[in-house]
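Colleague: take a look and give me a structure for this.
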Amino acid sequence: MATQKKSPLAQMTEQHKDKETLVDRILAVVDAGGASKEDFKAKLLAASNKKLLRLLAVATEIKDKYGSTEKLAEAAAAAVGKAKDKGYVEKLVKMAQRTPAKVLDLLHAAQGRGKAA
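Modeller: The predicted structure is shown next:
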């Protein structure tokens, strides 16, 4: 019998006890950009549990495996086969600063295609 996937609320309470703790962990990993910590925290507290769990997973993977969004962009360009194309790498760096999850998904897709070939 297949087990059912837990809801985002159940996952959040099981792993982080409450939403406040989850947001604090995200703030420790994510750069707030130009916003103040209090404004950024209020914005995160208003987000859904599913988005917060995804944000924490992406930010943690980027920090642990790549160190920064610039290195993530360089790794994605190398995986696609365009590491020597300076314009493409710069475009990916800008994209990674705005939406790092998209660049991470691009990297995973390119790695998956590499394994299949």
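Colleague: and the helices in the protein?
Modeller: Assigned by DSSP state H, the helices in the chain fall at 8-16, 19-29, 37-46, 49-61, 69-80, 86-98, 100-116.
Colleague: most tightly surrounded among these?
Modeller: Each of the helices of the chain was assessed for mean neighbour count using mean count of other CB atoms under 10 Å. The highest is helix 69-80, with a mean of 20. Backbone N, C-alpha and C define where each C-beta goes, glycine included.
Colleague: output that helix as PDB, nothing but the C-alphas.
Modeller: Extracted as PDB, the C-alpha positions of helix 69-80 are listed here (Å, rounded to 0.1, in the frame of the first residue of the first chain):
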ATOM      1  CA  THR A  69      24.600  32.200  -6.800                       C
ATOM      2  CA  GLU A  70      27.500  33.200  -9.000                       C
ATOM      3  CA  LYS A  71      29.100  29.800  -8.700                       C
ATOM      4  CA  LEU A  72      25.700  28.200  -9.300                       C
ATOM      5  CA  ALA A  73      25.400  30.200 -12.500                       C
ATOM      6  CA  GLU A  74      28.900  29.100 -13.600                       C
ATOM      7  CA  ALA A  75      28.100  25.400 -12.900                       C
ATOM      8  CA  ALA A  76      24.800  25.700 -14.800                       C
ATOM      9  CA  ALA A  77      26.600  27.200 -17.800                       C
ATOM     10  CA  ALA A  78      29.200  24.400 -17.700                       C
ATOM     11  CA  ALA A  79      26.400  21.700 -17.500                       C
ATOM     12  CA  VAL A  80      24.700  23.200 -20.500                       C
END
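Colleague: measure how far it is from the centre of its chain, please.
Modeller: Distance of helix 69-80 from its chain centroid, counting by CA atoms, centre = their mean, to the nearest Å, is 14 Å.
Colleague: try stretch 73-91
Modeller: In terms of CA atoms, centre = their mean, the centre of stretch 73-91 is found 19 Å from the chain centre.
Colleague: same thing with stretch 6-24?
Modeller: Here the centre of stretch 6-24 is set off from its chain's centre by 17 Å, with CA atoms, centre = their mean.
Colleague: perfect, I'm done here.
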